[in-house]
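[1] Dropping the sequence and predicted coords here.
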Amino acid sequence: MKKIGVLTSGGDSPGMNAAVRAAVRKGLSLGMDVFGIQRGYEGLLDGEIEKLQRHSVGDILQRGGTVLRTARSERFMTREGQEHAVKMLETFGIEGLVVIGGDGSLTGGLELARRGVKVMGVPGTIDNDLGYTDYTIGFDTAVNTVLSLISNIRDTSSAHERATIIEVMGRNCGDIALHAGLAGGADVILVPEVEVDINEVCRKVLRGQQSGKLHSIIVKAEGVETGTQELTKMIEETTGRETRAVVPGYIQRGGTPSARDRLLASLTATKAVELLYDDADSRAIGVCGNEVVAYELEKALAMKREFDFKLYELAEVLA
Ligand code: F6P
């Protein structure tokens, strides 16, 4: 394969730039032409495509966001959109595509693969919600961002003897809450994978209070059904402890990527390009243990994410 394209799609995640850099530089080192596609599938449909050089991806390794920019494209979700995307690729002579993004973006890639395009999916999302890979690019950085927020919030919560709920991102996946909550010593961790018992949450807050804890930190994933405001009110009414809620939102998506995310991005994007060079069938690239893995795209997307109940139980024991 001589001509490949690279795009980032869906919610940005720290480390996407490292993946773009790796894809471009690996491609060039193999003698391929590498085209950068702006604004994900949206830019593909509009032909926002240009050839990249080594220097085009200089000085981006340490930057959050994505220099290729990103979008959630409604137009690409239609059959007409997908057919038009294939035509655009043909116009530029692009035979294979590296798609860096989450579930929706890789599912979009699968639609192109069904139309004959070779697509390699690189897992770029803070959510860590893809079943086929242990980790996704951006997750580690997001967890560390939340961790730093937890310590700030702990200070002010202790000073005021308050309970604070921190609502973190993750869509329907509780991994950011679980990992940051465990690492940050949260008193309670609420995830969509485990049913919420509000009375039990209040009991835990009360127990902490009675044992002399000055603060109660509750890390709640956004995918949990019980609303944050409702929970705040319930805790305050039941325990008598003043309760606040913090929603860091997009703060979790930005910032310089951690070493772990840069490595994951570099390894998976490089593998994606190698597979395209070898003319392999469409795959989703990820990591399992310390190994880089590449599963058939459709099969990878059908793999169900397993929640780490052991880690969740450990967090309960240590809280
Ligand atoms: O998928 C990444 C993510 O940040 C989720 O955690 C969050 O639910 C969603 O994107 C927010 O999407 P948007 O950027 O469209 O508001």
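    Looks like it arrived, so ask away.
[2] got the residues of this protein near the ligand?
    When proximity is defined by CB under 6 Å from any ligand atom, the chain lies next to the ligand at 11, 72, 102, 125-127, 169-171, 222, 253. No exception for glycine: its C-beta is placed from N, CA and C like everyone else's.
[3] Lowest-confidence member of these, which is it?
    Lowest pLDDT within the residues of the chain next to the ligand is found at R72 (95).
[4] Quick one: residues contacting that one.
    Under the criterion of CB atoms under 8 Å, 6 or more residues apart in numbering, the contact list for R72 reads 9-11, 40, 104.
[5] What is the neighbour count of whichever residue of the stretch 201-319 of the chain sits closest to the ligand?
    In the stretch 201-319 of the chain, the residue that lies nearest the ligand is R253 (5.4 Å; CB to the nearest ligand atom). The number of residues packed near R253 is 20, by other CB atoms under 10 Å.
[6] likewise V34?
    25.
[7] could you dump the contacts of R72 to TSV with secondary structure?
    Shown next, in TSV, are the contacts of R72 (DSSP: H, G, I helix; E, B strand; the rest coil):
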residue	secondary structure
S9	coil
G10	coil
G11	coil
G40	helix
G104	helix
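[8] Who wins on neighbours among the residues you listed?
    S9 (31 neighbours).
[9] can I assume that one is in contact with T70?
    Yes - between S9 and T70 a contact is recorded at 5.7 Å, counting by CB atoms under 8 Å.
[10] Tell me the helices and strands packed up against the longest helix anywhere in the chain.
    Using DSSP state H to define each element, the chain has its longest helix at helix 139-160. On a contact count with 3 or more CB pairs under 8 Å, 6 or more residues apart in numbering; DSSP states H and E, helix 139-160 meets strand 163-168, helix 175-183, strand 216-221, strand 243-246, helix 259-277.
[11] Could you pull up the mean pLDDT of the very next helix or strand once past the last one?
    Past helix 259-277, heading to the C-terminal end, the next element that is a helix or strand (DSSP states H and E) is strand 283-288. When the per-residue pLDDT values of strand 283-288 are averaged, the result is 98.
[12] CA-only coordinates of strand 283-288 in CSV, if you can.
    Output in CSV follows, covering the C-alpha atoms of strand 283-288 (Å, rounded to 0.1, in the frame of the first residue of the first chain):
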residue,chain,number,x,y,z
ARG,A,283,-8.3,-4.4,12.3
ALA,A,284,-8.7,-2.7,15.7
ILE,A,285,-5.4,-2.2,17.5
GLY,A,286,-5.1,-2.2,21.2
VAL,A,287,-3.2,-3.7,24.1
CYS,A,288,-3.7,-6.8,26.2
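[13] Overlap of the contact sets of S9 and T70?
    The contact sets of S9 and T70 overlap at 40, 101 (CB under 8 Å, 6+ apart).
[14] in stretch 65-84, what counts as buried?
    Buried residues in stretch 65-84, defined by neighbour count with 16 or more other CB atoms under 10 Å: 65-73, 75-76, 81-82, 84.
[15] so how far is L45 from S282?
    Distance of S282 to L45, given as CB to CB, to the nearest Å: 20 Å.
[16] Those two: who's more crowded?
    Comparing S282 with L45 by other CB under 10 Å, the one with more neighbours is S282, at 26 against 21.
[17] for the more buried one, what are its contacts?
    S282 is in contact with 109-110, 113, 117-121, 296-297, counting by CB under 8 Å, 6+ apart.
[18] Where does the stretch 151-300 of the chain get nearest to the ligand, which residue?
    Closest residue of the stretch 151-300 of the chain to the ligand, CB to the nearest ligand atom: M169 (3.3 Å).
[19] Around that residue, count how many other residues there are.
    M169: 23 surrounding residues under other CB under 10 Å.
[20] Run through the residues that contact it.
    M169 is in contact with 126-127, 142, 176, 221-222, 249, 252-253, counting by CB under 8 Å, 6+ apart.
[21] try A113
    A113 is in contact with 119, 282, 297-298, counting by CB under 8 Å, 6+ apart.
[22] Try it again at 6 Å.
    A113 makes contact with 119, 282, 297, according to CB atoms under 6 Å, 6 or more residues apart in numbering.
[23] Equivalent analysis for V201, please.
    By CB under 6 Å, 6+ apart, the residues touching V201 are V188.
[24] ok but V34 is inside a strand, no?
    Yes - V34 forms part of a strand when assessed by three-state DSSP.
[25] What pLDDT is listed against it?
    98.
[26] pLDDT weak spots in the stretch 51-200 of the chain?
    Under the criterion pLDDT under 70, no range of the stretch 51-200 of the chain is flagged.
[27] about what we covered before: in helices, which of the contacts of S282 fall?
    Those of those lying in helices (DSSP H): 109-110, 113, 297.
[28] Would you format those residues as CSV with distance to A315 included?
    Below are the ones in helices among the contacts of S282 laid out as CSV (distance: CB to CB, whole Å):
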residue, distance to A315
G109, 34
L110, 35
A113, 38
L297, 34
